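> Got a predicted model here, sequence first, then my questions.
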Amino acid sequence: MKKFLLIILGILVILVAVLLIKMYTYPFKKNTAGNSEGWKPVKNDSAILRLSGGIKIPTVSTGSLGEFNFAPFDQFKEYLKTSYPLVYQNTENTEVNTHALVFRLKGSDPSLEPILFISHMDVVPPGDADVKNKEQNIFRPDDKPLPPVSKVAEDWDFEPFSGTVANGRIYGRGAIDMKAMLFSLMESMNMMVKSKKIPKRDIYLAFGFDEEVGGQKGAVQIADYFKKKGLKFDAVYDEGGLIMQKGNVAGIDSDVAVVGCAEKGFLSAKIKVKGLGGHSSMPPMESAIGKAAVIMQRLEDHQMKPTITPLIKQFFDNIGGAMPFTNRLAIANQWLLKPVLLSQLTKNNTTNALVRTTTALTMMKGSDGTNVLSPEVEFVVNFRLLPGDTAKEVRDHIAKATEGFDVEVEEIDNTREASAVSPTNTKAYQLIEAGIKEINPGTIVTPYLTMAGTDAYKYQIVSKNIYRFMPIKINSSEQQSIHSTNEYISIENYMKMIHYFEFMMTNYDK
């Protein structure tokens with residue numbers, strides 16, 4: 001017995017040694033940022049004023065395309081013309097499907113594939129939260145900056161379409177999503193023209209107008225326009241990732257820039273469950289709503305299998321070296337500890353979404369009366385597809401969950417597969433890393449999976465190198481203000497964003 005225990009102990013010692021050796025020799029990416037402070041923001045009041053004016057125009061997209069109020073979009077187009085006359089005079093500029101805009105700055109070498117920067121001019125509605133200060137035309141760019149918010153605000157500090165500049169911030173709906181990026185691109189191209197810098201390859205800008213409701217009339221039409229012209233882009237750059245401020249990624253004592261190299265797919269299914277209706281005084285043994293509850297419980301209890309995709313493996317390889325001991329041990333020893341790693345990842349909402357096709361029950365409708373049994377109950381379940389999972393697999397998953405019940409399943413909204421995964425061994429990606437180090441040295445840069453849908457997906461027909469990243473550093477509360485209350489961008493972030501895109505445009509072929 002003693003000999004057996006010694007053998008077991010010896011095996012355990014060897015196993016621990018192997019685990020530790022693998023962890024300490026694992027090729028986690030080294031952060032080579034150095035001690036440089038990076039580019040120092042130079043405040044440009046004119047650029048700030050132009051963005052402020054753009055925010056004042058309520059380019060809201062809601063519901064179906066026919067319900068838009070297009071007058072603000074026409075006003076916005078005219079505002080860009082008057083704000084950036086040099087860009088309009090020195091580029092080929094085209095309107096696609098009336099409201100979308102495309103600009104082409106010609107390069108010196110037409111044999112090179114062009115690059116494309118995209119954004120969108122539409123914003124979501126501002127909601128009905130109270131407004132603390134209803135004063136208009138506040139422009140105080142020299143205010144002492146307030147520190148970033150530490151929680152999501154319940155009210156707007158200023159009117160959501162006031163474009164207020166105060167407290168070191170530019171306030172308003174669309175300040176982050178996505179007018180700051182649109183205007184920073186226009187500022188950068190304006191700089192290229194003004195300084196007479198001729199790029200080697202053509203640079204395109206493309207601005208959709210219905211991204212918030214699916215992009216079918218904007219980005220889809222622009223991408224089709226490019227395809228018909230025979231264009232192929234060496235890179236496409238869109239929104240999707242951010243620089244998460246130090247302390248906002250658990251366990252990492254550094255800023256982390258996440259660059260979306262893919263985005264999840266989308267499938268929403270309306271499931272109608274049939275049963276016996278009637279009066280609640282004589283209910284059946286199992287009602288339609290009870291049957292629906294069983295199906296919903298199945299969907300939540302038996303979700304699609306988690307997995308660590310190659311993209312997420314690369315994500316962990318990049319950030320793992322800065323993580324605590326136990327995390328590094330698990331990442332470096334997935335040959336043994338992958339089940340443990342997946343178990344931990346699936347317990348957290350954020351990390352769960354990285355490793356599986358998620359299931360979200362979002363809507364439900366039954367009887368309109370407290371004493372009425374509905375003969376039909378319907379609910380909606382939304383799946384966000386992990387790259388590698390398919391819409392067919394999700395449909396099969398739904399079929400298994402509804403087995404044994406009388407149901408009708410209807411896919412609503414726009415079902416789409418997960419995007420392709422863009423490579424990171426390209427000039428296009430490496431320039432993102434260089435641009436981030438330029439404005440924010442010390443940042444860990446890593447490829448990432450974008451959870452939400454973007455316009456970038458539509459451009460797969462014209463490029464295989466598509467990257468989703470907005471060069472601003474924010475905390476989680478600021479991030480949650482997107483589509484919520486009191487959205488703002490700091491003046492520092494906006495100045496750095498402009499410089500980042502100037503860097504990208506001028507250095508792509510250096």
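That came through fine.

> Now for K347, how many residues are close by?
For K347, the neighbour count with other CB atoms under 10 Å is 9. All C-beta spots, glycine's among them, are computed from the backbone N, C-alpha and C.

> now swap in E417 and tell me
Using other CB under 10 Å, E417 has 17 neighbouring residues.

> What distance do you get for it to L112?
31 Å (CB to CB, to the nearest Å).

> Okay, now the unreliable bits of the stretch 151-300 of the chain?
Across the stretch 151-300 of the chain, the stretches falling below the confidence threshold (pLDDT under 70) are 278-279.

> Strands along that one, start to end?
Here the stretch 151-300 of the chain has its strands, by DSSP state E, counting those that start in this stretch, at 156-158, 165-166, 169-171, 203-208, 235-238, 243-244, 256-263, 266-274, 278-279.

> Tell me which residues touch E411, please.
By CB atoms under 8 Å, 6 or more residues apart in numbering, the contact list for E411 reads L267, S268, A269, K270.

> most surrounded residue in the residues you listed?
Using other CB under 10 Å as the neighbour test, these are led by L267, with 24 neighbours.

> what's that residue in contact with, if anything?
Shown in contact with L267 (CB under 8 Å, 6+ apart): N382, F383, L385, A391, V394, R395, E411, T415, R416.

> helix or strand right after the helix or strand that contains Y467?
Taking DSSP states H and E as the definition, one finds Y467 inside strand 466-468. Using DSSP H and E, the helix or strand that follows strand 466-468 towards the C-terminus is strand 473-474.

> quick one: contacts of that next one?
For strand 473-474, contacts defined as CB under 8 Å, 6+ apart pick out P148, I176, L242, I243, M244, Q245, D255, N440, N493, K496.

> Pretty sure the fourth one sits against I432.
No - counting by CB atoms under 8 Å, I243 does not reach I432; the two are 11.3 Å apart.

> Out of the helices and strands in this protein, which is least certain?
Sorting the helices and strands of the chain by mean pLDDT, DSSP states H and E puts strand 278-279 at the bottom, at a mean of 68.

> Point out the other helices and strands that the longest helix along the chain packs with.
As assigned by DSSP state H, the longest helix anywhere in the chain is helix 2-25. On a contact count with 3 or more CB pairs under 8 Å, 6 or more residues apart in numbering; DSSP states H and E, helix 2-25 meets helix 325-332.

> Pull out the buried residues from the helix it packs on.
N327, R328, L329, A330, I331, A332 (16 or more other CB atoms under 10 Å).

> rewinding a little: can you give me the angle the longest helix of the chain makes with helix 325-332?
90 degrees (axes from the mean of the first three to the mean of the last three CA atoms, to 10 degrees).

> per-residue confidence averaged over helix 2-25?
Here helix 2-25 scores 89 as its mean pLDDT.

> Pull the distance from the helix or strand just after that helix to the chain's centre.
Per DSSP H and E, the first helix or strand lying C-terminal to helix 2-25 is helix 45-55. Here the centre of mass of C-alpha atoms in helix 45-55, compared against the chain's by CA atoms, centre = their mean, to the nearest Å, lies 24 Å away.

> what's helix 45-55 packed up against?
Packed next to helix 45-55, using 3+ CB pairs under 8 Å, 6+ apart, are helix 71-83, strand 165-166, strand 169-171, helix 180-194, helix 491-507.

> Please save the CA atoms from that helix in PDB.
C-alpha atoms of helix 45-55 as PDB (Å, rounded to 0.1, in the frame of the first residue of the first chain):
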ATOM      1  CA  ASP A  45     -11.200  73.600 -31.500                       C
ATOM      2  CA  SER A  46     -12.300  73.700 -35.200                       C
ATOM      3  CA  ALA A  47     -12.400  69.900 -35.400                       C
ATOM      4  CA  ILE A  48     -14.300  69.800 -32.100                       C
ATOM      5  CA  LEU A  49     -16.800  72.300 -33.400                       C
ATOM      6  CA  ARG A  50     -17.400  70.400 -36.600                       C
ATOM      7  CA  LEU A  51     -18.100  67.200 -34.700                       C
ATOM      8  CA  SER A  52     -20.400  69.100 -32.300                       C
ATOM      9  CA  GLY A  53     -22.400  70.400 -35.300                       C
ATOM     10  CA  GLY A  54     -22.700  66.900 -36.700                       C
ATOM     11  CA  ILE A  55     -24.100  65.600 -33.500                       C
END
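
> so it versus helix 71-83, what angle?
With the same axes, to 10 degrees applied, the angle from helix 45-55 to helix 71-83 works out at 160 degrees.

> T307 contacts L386, doesn't it?
Yes - T307 lies in contact with L386 (CB under 8 Å); the separation is 7.3 Å.
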